[in-house]
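Student: Prediction below, plus the sequence it came from.
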Amino acid sequence: MSKLVQVAVAILIRPNGEYLLASRPQGKGWAGWWEFPGGKIESGESPAHALIREAQEELGITPTQIQPWIKRRYDYPATHDAEAKTVLLHFFFVSAWQGELQAREGQQLAWQHPRQLNVSPVLPANAPIMQALSLPPVYAISNVQEMGETAFLQALRQQLDLGLQLIQIREPNLGQDALAQLSEKVLALCTAYDCRCLLNGSPELATQLGYQGVHLNSQRLMAMLTKPENLLTGASCHDLEQLQKAQHLQLDCALLSPVLPTASHPGANNLGWEKFADLLSGLEIPVYGLGGMRPEHLPQALASGARGIAMQRACW
Ligand SMILES: Nc1nc2c([nH]c(=O)n2[C@H]2C[C@H](O)[C@@H](COP(=O)(O)OP(=O)(O)OP(=O)(O)O)O2)c(=O)[nH]1
Ligand SMILES: [Mg+2]
């Protein structure tokens, strides 16, 4: 059996959403491959402490704001420049630090836009992480039914100004014509802000109305045989079987609900954070917590391994 190496990994994030990648220097295994800064946790050291030490050693900075994210295990095969090993990667978001970034180990550094990577190859263990990072931490769900169209479009514009990047149009009570008209307005607005829109409905209708994506309810998810083509695809999940189906189809994301009690389903059997985190552990597709979410729940959702939170009421 190969040895288990524990690693602390820093995802440095700038306010504009870009994150830092570094190339592995010559002389190390997997030289030339891109990774997040970080390194092995020494014996007796906590992951957070290792993270800070590695950031100082490799980049000359001291992280001041860190948020533990997911852990990921990966088996590396032996290669021409490295022995076989199993790594347990402890990912952290680092959103503030002291000092000026320097490449102190001869590595190249590159800030990357999450939706447009321009360095490669990235270490294979990181593939699902890069995928998860290409989606934003906040996902909004429409609420035209309750708010009325005028108030909704006004609130949408406000949220777009504040940086909203992902929205689902979920209006099961609108007729076809009304949905088409609403979609036209929403898509025009969102396109101007580079915010991606998913339609809660069938892939055919999403394509016909010009959406970039589709969101499947759990019934559609379970009946689906392959991922819809050319659509960013998410799905509603309420248990492990549905999450595994979403992962098997290689969907772009899943919404897991209900995390907390909601105004719309007050009596529903909510998961709670512990069960939520449990269901996500080991899963490789990005998952959002849904149900009773408010902006202040984001750190808890991230710490539970989610990509972020989805909100229907609290964000408008
Ligand atoms: N730093 C970092 N390591 C990663 C990432 N993804 C990933 O699979 N790894 C693996 C590669 C390595 O096998 C291991 C990190 O070990 P390392 O050799 O770079 O450790 P280190 O920086 O402490 O360097 P050293 O002990 O060789 O001096 O984790 C990542 O994004 N960042
Ligand atoms: Mg390192």
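Tutor: Received the coordinates, thanks. Computed from a prediction, not measured in an experiment: that's the story for all the values here. Ligands and ions are numbered 1, 2, ... in the order given.

Student: what does stretch 122-135 contact?
Tutor: 11, 19, 21, 24, 30, 33-36, 70, 72, 74, 76, 87, 89, 91, 114-115, 117, 166, 252-253, 284-286, 307-308 (C-beta atoms under 8 Å, 6 or more residues apart in numbering). Heads up, the C-betas are built off the backbone N, CA and C, glycines and all.

Student: ok, and of those residues, which contact ligand 1?
Tutor: 35-36, 74, 87, 89 (C-beta under 6 Å from any ligand atom).

Student: picking up where we left off before, among the contacts of stretch 122-135, the buried ones, what's the PyMOL command?
Tutor: The following PyMOL command selects only the buried members of the contacts of stretch 122-135, with burial defined by 16 or more other C-beta atoms under 10 Å:
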select buried, resi 11+19+21+24+30+33+34+35+36+70+72+74+76+87+89+91+114+166+252+253+285+286+307+308
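
Student: What parts of this structure come near ligand 1?
Tutor: So far as C-beta under 6 Å from any ligand atom goes, the chain lies against ligand 1 at 5, 7, 9, 28, 35-36, 38-40, 74, 87, 89, 123, 125-126.

Student: how about 5 Å then?
Tutor: 7, 9, 35-36, 38-40, 87, 123, 125-126 (C-beta under 5 Å from any ligand atom).

Student: circling back to that earlier point, show only the entries of the contacts of stretch 122-135 found in strands.
Tutor: With DSSP state E as the criterion, strands contain 11, 19, 21, 34-35, 70, 72, 74, 76, 87, 89, 91, 166, 253, 308 from among these.

Student: now for the residues you listed, which pair is the farthest apart?
Tutor: Spatially, the most separated pair among the ones in strands among the contacts of stretch 122-135 is 76 and 166, at 32.7 Å (C-beta to C-beta).

Student: count of neighbours near the residue in the chain that ligand 1 sits nearest to?
Tutor: The chain approaches ligand 1 most closely through residue 39 (2.4 Å), counting by C-beta to the nearest ligand atom. When neighbours are defined as other C-beta atoms under 10 Å, residue 39 has 20 of them.

Student: pretty sure it contacts residue 56?
Tutor: No. At 11.0 Å, residue 39 and residue 56 do not qualify as touching, with contact defined as C-beta atoms under 8 Å.

Student: Dump the ones next to ligand 1 among the contacts of stretch 122-135 to CSV, plus distance to residue 81 and pLDDT.
Tutor: Formatted as CSV, those follow (distance: C-beta to C-beta, whole Å; pLDDT from 0 to 100):
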residue, distance to residue 81, pLDDT
35, 15, 98
36, 20, 98
74, 17, 95
87, 16, 96
89, 20, 96
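
Student: Just the buried residues of stretch 195-207, please?
Tutor: In terms of neighbour count (16+ other C-beta under 10 Å), stretch 195-207 has its buried residues at 195-201, 203, 205-207.

Student: Please save the CA atoms from that stretch in PDB.
Tutor: Listed next in PDB are the C-alpha coordinates belonging to stretch 195-207 (Å, rounded to 0.1, in the frame of the first residue of the first chain):
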ATOM      1  CA  CYS A 195     -24.500  36.000 -15.200                       C
ATOM      2  CA  ARG A 196     -25.500  32.400 -16.200                       C
ATOM      3  CA  CYS A 197     -29.200  31.400 -16.200                       C
ATOM      4  CA  LEU A 198     -30.700  28.000 -15.800                       C
ATOM      5  CA  LEU A 199     -34.300  27.200 -16.500                       C
ATOM      6  CA  ASN A 200     -36.100  24.900 -14.000                       C
ATOM      7  CA  GLY A 201     -37.800  22.700 -16.600                       C
ATOM      8  CA  SER A 202     -37.000  20.400 -19.500                       C
ATOM      9  CA  PRO A 203     -33.700  20.600 -21.400                       C
ATOM     10  CA  GLU A 204     -35.700  21.100 -24.600                       C
ATOM     11  CA  LEU A 205     -37.500  24.100 -23.300                       C
ATOM     12  CA  ALA A 206     -34.300  25.600 -21.800                       C
ATOM     13  CA  THR A 207     -32.600  25.300 -25.200                       C
END
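
Student: which sections of the stretch 201-316 of the chain are below the confidence cut-off?
Tutor: Within the stretch 201-316 of the chain, the ranges that satisfy pLDDT under 70 run 267.

Student: all helices of it, in order?
Tutor: Taking DSSP state H, counting those that start in this stretch, the helices of the stretch 201-316 of the chain run over residues 203-208, 218-223, 240-248, 272-280, 298-303.
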